[in-house]
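Undergrad: just need the structure, nothing else, for what follows:
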Amino acid sequence: MSVSLQKGQKVDLRKSDGGTLRKVVVGLGWDEVKKKGLFAKKTANIDCDASAFLCENGRIVNDKDIVYFGNLKHKSNAVLHMGDNLTGAGDGDDEQITVDLVNLPVNYDKIIFVVNIYSASARKQHFGMIENAFIRIFDAETNQELCRYNLSENYDGMTAMVFGEMYRYNGNWKFNAIGQATQDDTVRDLAKRFG
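TA: Here you go, the predicted model:
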């Protein structure tokens with residue numbers, strides 16, 4: 001059964017039968033901007049970009065440890081971005097990142113999941129214009145959802161988000177729902193926070 005997380009809440013990532021997780025998928029979703037009023041002009045699509053920062057001792061030590069639309073596969077082949085969604089259209093996950101926990105090199109102790117709005121400043125867009133944003137983690141072998149974190153606060157003026165982090169603790173993986181909004185404009189700006 002999936003755990004619905006609150007901001008700052010931590011949860012163990014494990015199979016429902018107590019077995020060891022081998023591979024998970026981190027799904028991020030949001031709803032496209034809706035037109036308000038009969039004669040209102042529709043706002044340009046909001047292109048949210050999901051990224052994963054692989055950290056050693058809690059920090060990014062190499063640019064190649066950033067998995068995003070411009071670098072879809074980590075050098076270890078253990079983290080894979082499944083592709084860029086430019087609009088948020090459709091139901092379910094808009095972008096997915098798979099993590100092979102078994103083959104992830106042990107020097108990586110944390111993976112931070114972030115989302116930023118592509119060209120947010122130029123397009124005058126922010127997270128307050130997005131509805132139903134969420135991050136969820138599910139078992140890639142069974143498709144069973146393990147946890148979900150829905151963004152519910154008002155994020156007007158914010159252009160990026162540190163959604164959450166998976167981290168090793170005593171040999172097990174845990175997830176922490178962070179939900180920290182920022183005004184960073186690019187994935188590189190976000191990465192500087194963890195360098």
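Undergrad: could you give the mean pLDDT of stretch 186-195?
TA: For stretch 186-195, mean pLDDT is 93.
Undergrad: roughly how far does residue 141 sit from residue 76?
TA: Distance from residue 141 to residue 76, counting by Cβ to Cβ, to the nearest Å: 20 Å. (C-beta placed from N, C-alpha, C; glycine too.)
Undergrad: what helix or strand is the most centrally placed residue in the chain on?
TA: Most central in the chain under Cα atoms, centre = their mean is residue 113, positioned 3.9 Å from the mean C-alpha point. Here residue 113, judged by DSSP states H and E, is contained in strand 110-117.
Undergrad: show me what that strand is in contact with.
TA: Residues outside strand 110-117 that contact it (Cβ atoms under 8 Å, 6 or more residues apart in numbering): 26, 28, 46-55, 58, 79, 97, 99, 123, 125-127, 133, 135, 159-168, 184-187, 189-190, 194.
Undergrad: what are the buried residues along whatever helix or strand comes next after that strand?
TA: As assigned by DSSP H and E, the chain's next helix or strand after strand 110-117 is helix 120-123. Neighbour counts over helix 120-123 (16 or more other Cβ atoms under 10 Å) mark 120, 123 as buried.
Undergrad: work out the gap between stretch 138-146 and the centre of the chain.
TA: Computed by Cα atoms, centre = their mean, to the nearest Å, the chain-centroid distance of stretch 138-146 equals 16 Å.
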